[in-house]
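[1] curious how this folds, go ahead:
(4 chains)
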2 protein chains.
Amino acid sequence: MGRTPVDGQPVRFNAFTASCPSRRLLDTIGDKWVSLVIVALGLEGRMRYSELSARIAGVSQKMLTQTLRGLERDGLLTRTVTPSVPVRVDYELTPLGRSLLDTIRHLKDWAEAHMSEVDDARAMYDRKHQ
Amino acid sequence: MGRTPVDGQPVRFNAFTASCPSRRLLDTIGDKWVSLVIVALGLEGRMRYSELSARIAGVSQKMLTQTLRGLERDGLLTRTVTPSVPVRVDYELTPLGRSLLDTIRHLKDWAEAHMSEVDDARAMYDRKHQ
DNA sequence: CTGTATCCAAGTGGATACTG
DNA sequence: CAGTATCCACTTGGATACAG
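    Model (predicted):
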């Protein structure tokens, strides 16, 4: 999200720099299912695949698995396989995942406090522009 | 992001409910260019279209205009046209936009503090899984 | 139960050309 | 200068079928 200039050159924001941590975080939590998974695990502590699937309305198997794999890879949750028959798999937030949950709660707070103002602004804009 | 149950039924997260403020906020700031525009305007206060275009690397005219229109519609910034020749257009955050900037800064703080841990987790995951 | 693999429709966004 | 309009390549994600 823009690097601090060290050479006196003007700052130029660059969404493409792989080194931009903010961009990467936004790409992660901007994903449709990521925050839902994190919030669900934050509330329940530990959940099975089937519980997550039931809890998150509309998610397909493909997207739930893909989301969980990505979050596991990022160190935000752990995946525990119990080799019973049938197999049981549990997911749980890591400390890193729980700290991200706090950040997501800030977003949630802003959203719940201010999205109605956004709605009002939209209604007014749409009225003005037909 | 899940509604509080009022009838004793289990909570079910639903990313589709238009009424979910968190989902809508995430959709907004998850957009590739939105946060870059907001942060740029937060830093500079007021900027012309051409200044934004120069400041944000890689943005196309189409996407910059589209992003600015969306943010104007949401009441997050104002658009001021000065009918000179050639025309001059300035963009500036509204108070609502500045309050969102604060929230974005929280994200930025988490990202700068923890994305290196995510990198480490990814490296370890990729090593384990070939 | 917990996935994996494949197909494909819809959405996203860059490039290019043109305009008040 | 500050856009608008159009085309199209690429990505995203749901549906479906299959598997350990």
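[2] leaving out chain neighbours, which residue sits closest to the residue nearest the centre of chain A?
    Residue closest to the average C-alpha location in chain A (CA atoms, centre = their mean): residue A:29, at 2.6 Å. Counting by CB to CB, 6 or more residues apart in numbering or on different chains, residue A:29 lies nearest to residue A:35, which is 5.4 Å off, once chain neighbours are set aside. The way it works is simple: take the backbone N, C-alpha and C, and place the C-beta from them, glycine included.
[3] low pLDDT regions in chain A?
    A:1-11, A:15-18 (pLDDT under 70).
[4] quick check: residues of it near DNA strand D?
    Applying CB under 7 Å from any atom of the strand, we find that chain A lies next to DNA strand D at A:31, A:32, A:58, A:59, A:60, A:61, A:62, A:63, A:86, A:87.
[5] go back to those and keep what's next to DNA strand C.
    Answer for the residues of chain A next to DNA strand D near DNA strand C (CB under 7 Å from any atom of the strand): A:61, A:62, A:86, A:87.
[6] which pair of the residues you listed spans the longest distance?
    Using CB to CB, those span at most 19.9 Å, a distance reached by A:62 and A:86.
[7] okay, those two: which has more neighbours?
    residue A:62 (8 against 5; other CB atoms under 10 Å in any protein chain shown).
[8] what helix or strand does the more buried one sit in?
    helix A:61-73 (DSSP states H and E).
[9] helices and strands around whichever helix or strand comes after that helix, which ones?
    With elements assigned by DSSP H and E, the helix or strand that comes after helix A:61-73 is strand A:77-82. Using 3 or more CB pairs under 8 Å, 6 or more residues apart in numbering or on different chains; DSSP states H and E as the contact test, the elements touching strand A:77-82 are helix A:34-44, helix A:61-73, strand A:88-93.
[10] out of those, which one sits most buried?
    Among the helices and strands packed on strand A:77-82, the stretch with the highest mean neighbour count (mean count of other CB atoms under 10 Å in any protein chain shown) is helix A:34-44, at a mean of 21.
[11] the helix or strand just after it close to chain B?
    Later in the chain than helix A:34-44, the nearest helix or strand by DSSP H and E is strand A:46-48. No: using CB under 8 Å from any CB of the partner chain, strand A:46-48 stays clear of chain B, coming no nearer than 11.8 Å.
[12] can you name the next helix or strand after strand A:46-48?
    As assigned by DSSP H and E, the chain's next helix or strand after strand A:46-48 is helix A:49-55.
[13] helix or strand right after that next one?
    strand A:56-57.
[14] neighbouring strands for that following strand, and are they parallel or not?
    strand B:13-14 (parallel) (DSSP bridges).
[15] from residue A:24, how far off is the nearest residue to residue A:74 once chain neighbours are set aside?
    Among residues not flanking residue A:74 along the chain, residue B:118 sits closest, at 4.8 Å (CB to CB, 6+ apart). Distance, residue B:118 to residue A:24, using CB to CB, to the nearest Å: 8 Å.
[16] quick check, residue A:98 in contact with residue A:42.
    Yes: in this structure residue A:98 lies within contact range of residue A:42 using CB atoms under 8 Å: 6.8 Å.
[17] pull the contacting residues for whichever residue of chain A sits closest to DNA strand D.
    Closest approach between chain A and DNA strand D, counting by CB to the nearest atom of the strand: residue A:63, at 3.7 Å. Contact partners of residue A:63, counting by CB atoms under 8 Å, 6 or more residues apart in numbering or on different chains, are A:32, A:33.
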